[in-house]
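Q: give me the fold of what follows.
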Amino acid sequence: MPTTTTAAARTLHLTNPLMTGDDVKQAQMLLTTNSYRDFCPGAVDGEYGPASADAARRAKLALGYADAQVDGAFGPKLAGFLTGTPLPPDYAARRAEREKAAPAQSAVRAKIVEFARWGIANEPQIHYQQLRPMDGLDQPKKLPLQTDCSAFSTLCYKWAGAPDPNGLKFNGSGYTGTMLQACRPISRSVDQAGDLVVWGNSPGHHVCLVLEAGPDPLLCSHGMEKGPLAIRFSVENGFQPAPVTWLTCLP
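A: Predicted coordinates for the structure are as follows:
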């Protein structure tokens, strides 16, 4: 297993430009091969980007860090745990609690996708309209429904019992810009069903919800009257402006 000598030399975190170096490679190796599991930091390329930061966050979540300490920074303490330093009792207790909660978290993602697919199946009764407060927020599977891309994704989250991807406690407002502010950026390589993808710089132009992850993720898109519809990322990407930002607010 890799040593922690270089990985522990400094605390790594997202910067612009990205932090680079052999210590970044060491951290990426530890996040991939360690005493627990592969946290999927992406390529071992020596650049501490969103995939590496999200892997560090997921490692901290899995290892029982307190909620306030679960972030995308990689430092000596995390390196030590990944190479065999025993977890303190409070960390071990939180780790056990989170492992018990994992099936419920997976169920929430499944419910988000279930509501998105319900929308696709009922497309004729769902119309494109930018309304705030959002239509149907407290009425699961409301038909007819007047909504837009960010509002429909927000509805799927609300109805599924997930956190508000806008960070607004489902107050009826929110749009792609609030999603870019409230959610964590992740690498496309680690997206999961229920995550989001936004096109365009802040405040954003369009958002889709991930139905199925994979090399060419299947998305739920509602950017026009014909929608919601299922569409491959490669197809939707051809109609949308750069940049592309993959987001999550889920564990």
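
Q: return the helix or strand in this protein with minimum mean pLDDT.
A: In the chain, the helix or strand scored least confidently by mean pLDDT, DSSP states H and E is strand 184-186, which has a mean of 88.

Q: give the next helix or strand downstream of that strand.
A: Later in the chain than strand 184-186, the nearest helix or strand by DSSP states H and E is strand 196-199.

Q: ranges for the helices of the protein?
A: Under the criterion DSSP state H, helices of the chain are mapped to 22-32, 50-63, 76-82, 89-121, 149-160, 176-182, 233-237.

Q: only the buried residues of the last one, if you could.
A: What it means is helix 233-237. The neighbour-count check on helix 233-237 (16 or more other CB atoms under 10 Å) flags 233, 236, 237 as buried. No exception for glycine: its C-beta is placed from N, CA and C like everyone else's.

Q: using PDB, list the CA coordinates for it.
A: In PDB, the C-alpha atoms belonging to helix 233-237 read as follows (Å, rounded to 0.1, in the frame of the first residue of the first chain):
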ATOM      1  CA  PHE A 233     -26.200  13.000 -22.500                       C
ATOM      2  CA  SER A 234     -24.400  12.900 -25.900                       C
ATOM      3  CA  VAL A 235     -27.500  14.000 -27.600                       C
ATOM      4  CA  GLU A 236     -28.600  16.700 -25.100                       C
ATOM      5  CA  ASN A 237     -25.000  18.000 -25.000                       C
END
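
Q: that older thread, partners of the least confident helix or strand of the chain, with directions?
A: If you go by DSSP bridges, strand 184-186 pairs up with strand 244-248 (antiparallel).

Q: got the CA positions of the strand it pairs with in CSV?
A: Output of strand 244-248 as CSV, limited to C-alpha atoms (Å, rounded to 0.1, in the frame of the first residue of the first chain):
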residue,chain,number,x,y,z
VAL,A,244,-21.1,21.2,-18.4
THR,A,245,-21.2,20.9,-14.6
TRP,A,246,-22.1,17.6,-12.9
LEU,A,247,-23.7,18.1,-9.5
THR,A,248,-24.9,16.2,-6.5
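
Q: angles on the backbone of the spatially closest residue to residue 57 that is not a sequence neighbour, please.
A: Residue nearest to residue 57 in three dimensions, not counting chain neighbours: residue 72, with 4.9 Å by CB to CB, 6 or more residues apart in numbering. Main-chain dihedrals, residue 72, degrees, to the nearest 10: phi -90, psi 10.

Q: pLDDT below threshold where in the protein?
A: 1-8 (pLDDT under 70).

Q: identify, by residue count, the longest strand of it.
A: strand 206-212 (DSSP state E).

Q: what residues sit buried inside that one?
A: Of all the residues in strand 206-212, those buried under the rule 16+ other CB under 10 Å are 206, 207, 208, 209, 210, 211.

Q: now do the same end-to-end measure for stretch 144-155.
A: The first and last residues of stretch 144-155 sit 14 Å apart, counting by CA to CA, to the nearest Å.

Q: quick check: buried residues in it?
A: Buried-residue list, stretch 144-155, by 16+ other CB under 10 Å: 145, 147, 148, 149, 150, 151, 152, 153, 154, 155.

Q: now do stretch 11-26
A: Neighbour count says stretch 11-26 has 12, 14, 18, 19, 23, 24, 25, 26 buried, by 16+ other CB under 10 Å.

Q: what of stretch 222-239?
A: 222, 223, 227, 228, 230, 231, 233, 236, 237.
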